[in-house]
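Asks: Predicted model follows, preceded by the sequence.
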Amino acid sequence: MQTDKLFHEFFQLAPQAFFELLQIEPGCAYRFESPVVKAVERRMDGLLEPAEPGHPRYFLEVQGYYDKSIYWRVIQQVGLYHEQRPQLQGQPWQIVCLFLDRSFDPGLETLGTLAGGPTPWLIRGYVDDLLTHVKAPSPVLNVLLPLTVGTEADLRQQAGNWVERIHESSELDQAAQERLLELLAQFIAQKFSHLNRKEIQTMLTLTPIEETALGKELLEEGRQQGQVWLLADLIGQRFSVRSELVAKHLAPLRSHDLLALGHYLLIAQSYSQIEAWVAGRLAVVE
């Protein structure tokens, strides 16, 4: 599972953590979504949608690698999002770029003229710095603290405190606490990739991940990714198309759609027919 997907899970479960991390006082309750921008066939990392009209929308991009075009790509997605929803034009919004490391930020100078003055439409931050500056963090923010730890020794020293604080939260029911603990384990695995699942489970005294809801979801996700790449290779070889490009188009399909596509591949005569078939299935999903 990629780190941006972990943030998606985290903010969907605890949208209030987004505002706490950025030290923003929201004027109303928010829900977290991950909308698809159809023109570019790409799902946004996240959108904080206000529960009441008149409050800003926050478009989130979590960046875990260096990309010189990151700001332009997010601007493009936000522009297309509003183009496809004209009823939202004129309403307030902001872009939030969260970098897992300062070195991943290409700098505002990549925006050229747009970087020449104040940029009230853009908030950028570095996760470790933001966490450091949060005073008296709420229990949910403990899920992100592995990203601030430099050594395994520090991790082992602090992990128990993170778990204890999550358990002590009076605002979370048991199901939410278990979900946050599952996410905590995944963030640790992302930061300390040399640790295996058993070591992390022992450190946090968690239920084996394959027995949790998240673990079952991860296993299913792994099987589906295998289906996608197998089909992408077959389609790429047959129609002389790059497998990476094909996999990108197939990724949003559900497992039963991938199985049906395998049968359709036997009779398809061109890659354009494959594209049309996939577009038809995605239209049904939407």
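Replies: In hand now; what should we look at? These figures come from a predicted structure and were not determined experimentally.
Asks: And residue 134, how close does it get to residue 19?
Replies: 11 Å (C-beta to C-beta, to the nearest Å). To be clear about C-beta, it is placed using only N, CA and C from the backbone, and glycine gets the same treatment.
Asks: Need the residues touching each of those two.
Replies: Here residue 134 and residue 19 have no joint contacts, going by C-beta atoms under 8 Å, 6 or more residues apart in numbering.
Asks: Do you have the strands of the chain handy? List them.
Replies: Using DSSP state E, the strands of the chain run over 30-33, 36-37, 42-43, 46-50, 57-63, 93-99, 122-126.
Asks: tell me which residues in the fifth one are buried?
Replies: Meaning strand 57-63. Residues of strand 57-63 classed as buried by neighbour count (16 or more other C-beta atoms under 10 Å): 57, 58, 59, 60, 61, 62, 63.
Asks: Next: stretch 252-271.
Replies: 252, 253, 257, 258, 261, 265, 268, 271.
Asks: follow-up on the earlier one: and the buried residues of strand 57-63 as JSON lines, adding distance to residue 51 and pLDDT?
Replies: Compiled in JSON lines, the buried residues of strand 57-63 are given as follows (distance: C-beta to C-beta, whole Å; pLDDT from 0 to 100):
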{"residue": "57", "distance to residue 51": "12", "pLDDT": "95"}
{"residue": "58", "distance to residue 51": "13", "pLDDT": "97"}
{"residue": "59", "distance to residue 51": "17", "pLDDT": "96"}
{"residue": "60", "distance to residue 51": "17", "pLDDT": "94"}
{"residue": "61", "distance to residue 51": "22", "pLDDT": "93"}
{"residue": "62", "distance to residue 51": "23", "pLDDT": "92"}
{"residue": "63", "distance to residue 51": "27", "pLDDT": "91"}
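Asks: What confidence value was assigned to the closest residue to residue 6 other than its chain neighbours?
Replies: Nearest non-adjacent residue to residue 6, counting by C-beta to C-beta, 6 or more residues apart in numbering: residue 186, 5.4 Å away. pLDDT for residue 186: 88.
Asks: same check, this time on residue 32
Replies: The predicted local confidence for residue 32 is 92.
Asks: distance of it from residue 22?
Replies: Counting by C-beta to C-beta, the gap from residue 32 to residue 22 is 14 Å.
Asks: So for those two, which residue has more residues nearby?
Replies: For residue 32 and residue 22, the more surrounded residue by other C-beta atoms under 10 Å is residue 32, and the numbers stand at 21 against 16.
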